[in-house]
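K.L.:
here are the coordinates; sequence isn't available:
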């Protein structure tokens, strides 16, 4: 293996280890329907609040739903969020979709002492006709 190839592998692995963005997922739904979005997070964040927000950039996204210290399940309007701390995943249910809902969203664990842990969600909503 050449030194250049070895460095590319190390660099790629290093980029994957950056804690800001765990991953990026794509979700497809239909107008009038709903989607379930499953967001994984590191087990060390099980006691942190989780949230789902919309916006092109994670640092300026607007919260749509958020857990709090007492509730691992919340329901608000078109959204519900359940945090399964044993599996280190939370699920967001997004109901009554319209084509205008297509866009970039973020699943995140709220880490008050540092940067939040994000997963980018690209939602595509198609006509339900």
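P.N.:
Nice, thanks for sending it over. Keep in mind the model is a prediction, meaning the values are calculated, not measured.
K.L.:
Please name the nearest non-neighbouring residue to the most centrally placed residue in the chain.
P.N.:
For the chain, the residue sitting closest to the mean C-alpha position, by Cα atoms, centre = their mean, is residue 107 at 2.2 Å. Nearest residue to residue 107, sequence neighbours excluded (Cβ to Cβ, 6 or more residues apart in numbering): residue 39, at 3.2 Å. In this view, the C-beta of every residue, glycine as well, is placed from N, C-alpha and C.
K.L.:
From residue 56, how far out is the one you found?
P.N.:
18 Å (Cβ to Cβ, to the nearest Å).
K.L.:
Comparing the two, which shows the higher neighbour count?
P.N.:
Using other Cβ atoms under 10 Å as the criterion, residue 39 and residue 56 rank with residue 39 on top: 26 against 9.
K.L.:
and the more buried one, bridged to which residues?
P.N.:
Here residue 39 sits in beta bridges with residue 90, going by DSSP bridges.
K.L.:
residues contacting it?
P.N.:
Taking Cβ atoms under 8 Å, 6 or more residues apart in numbering as the criterion, residue 39 is in contact with 50, 52, 89, 90, 91, 92, 107, 119, 121.
K.L.:
so how far is residue 53 from it?
P.N.:
On the measure of Cβ to Cβ, residue 39 and residue 53 end up 12 Å apart.
K.L.:
what's the answer for residue 46, then?
P.N.:
Look at residue 46 and residue 53: by Cβ to Cβ, they are 20 Å apart.
K.L.:
Looking at these two, which is more packed in?
P.N.:
More neighbours surround residue 53 than the other of residue 46 and residue 53, with 20 against 16 (other Cβ under 10 Å).
K.L.:
That one reaches residue 60, doesn't it?
P.N.:
No - using Cβ atoms under 8 Å, residue 53 is not in contact with residue 60, being 9.2 Å away.
K.L.:
quick one: residue 97 and residue 32 touch, right?
P.N.:
Yes - between residue 97 and residue 32 there is a contact under Cβ under 8 Å: 6.7 Å.
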